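Engineer: Quick one: sequence plus predicted model below, questions after.
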Amino acid sequence: MSGKKVAEVAVKAGRAIDWDGMAKMLVSEEARKEFATLRRTFEDVNHQIQTKYSQEPQPIDWEYYRKGIGSKVVDMYKEAYDSIKIPKFVDTVTPEYKPKFDALKKISTMTADEYFEKHPELKQKFDDEIRNDYWGY
């Protein structure tokens, strides 16, 4: 994956995050501070990816070096440089974890009623505990 492609993916990922929605779910001041740090770090990394790594490298001006160093040495370096094959990045992690992440995301946005609808045995257990004045301690 080229640097430009990585930057495009990072931009799309950044837009897909509902930072404000997640911030509304935070209860404690400590969680808000940690969340703000996470968001700043994400934005810093995203900015670096968009600026540093999205640009294609400048081509080497071999003629410039031939004039200053000499053809024999420059040709040797050019041959070595041209023989380098950088493997193409293949993302094997995202396909493996994306379904798991999507499943967690569904749970995190689920209401208690929706959760208990899927797990009626837990609703019954909690209702019984509340009715019996048992609060887990």
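Structural biologist: Structure's in. What do you need?
Engineer: If you count neighbours, what's buried in the helix or strand hosting Glu114?
Structural biologist: Using DSSP states H and E, Glu114 sits within helix 112-118. Neighbour-count burial for helix 112-118, counted by 16 or more other CB atoms under 10 Å, picks out Phe116. Using the backbone N, CA and C atoms, a C-beta is placed for each residue, glycine as well.
Engineer: can you count the residues close to Arg66?
Structural biologist: Arg66 has 15 neighbouring residues, counting by other CB atoms under 10 Å.
Engineer: who's in contact with the closest residue to it other than its chain neighbours?
Structural biologist: Ranked by CB to CB, 6 or more residues apart in numbering and with sequence neighbours excluded, the top spatial neighbour of Arg66 is Val74, at 4.7 Å. Residues in contact with Val74 (CB atoms under 8 Å, 6 or more residues apart in numbering) are 62, 65-66.
Engineer: So for the top helix by length along the chain, what gets flagged as buried?
Structural biologist: If you go by DSSP state H, the chain has its longest helix at helix 29-51. For helix 29-51, the neighbour count (16+ other CB under 10 Å) marks 46, 49-50 as buried.
Engineer: do stretch 66-74 as well
Structural biologist: Val74.
Engineer: mean confidence score for stretch 128-137?
Structural biologist: For stretch 128-137, mean pLDDT is 82.
Engineer: Alpha carbons of it, in PDB - could you do that?
Structural biologist: What follows is stretch 128-137 as a C-alpha-only set of coordinates in PDB (Å, rounded to 0.1, in the frame of the first residue of the first chain):
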ATOM      1  CA  ASP A 128     -34.700 -11.400  41.300                       C
ATOM      2  CA  GLU A 129     -31.700  -9.900  43.000                       C
ATOM      3  CA  ILE A 130     -33.300  -6.500  43.100                       C
ATOM      4  CA  ARG A 131     -36.500  -7.900  44.500                       C
ATOM      5  CA  ASN A 132     -34.600  -9.800  47.200                       C
ATOM      6  CA  ASP A 133     -32.600  -6.700  48.000                       C
ATOM      7  CA  TYR A 134     -29.300  -8.400  47.000                       C
ATOM      8  CA  TRP A 135     -27.000  -5.800  45.500                       C
ATOM      9  CA  GLY A 136     -23.900  -8.000  45.000                       C
ATOM     10  CA  TYR A 137     -22.100  -7.500  48.300                       C
END
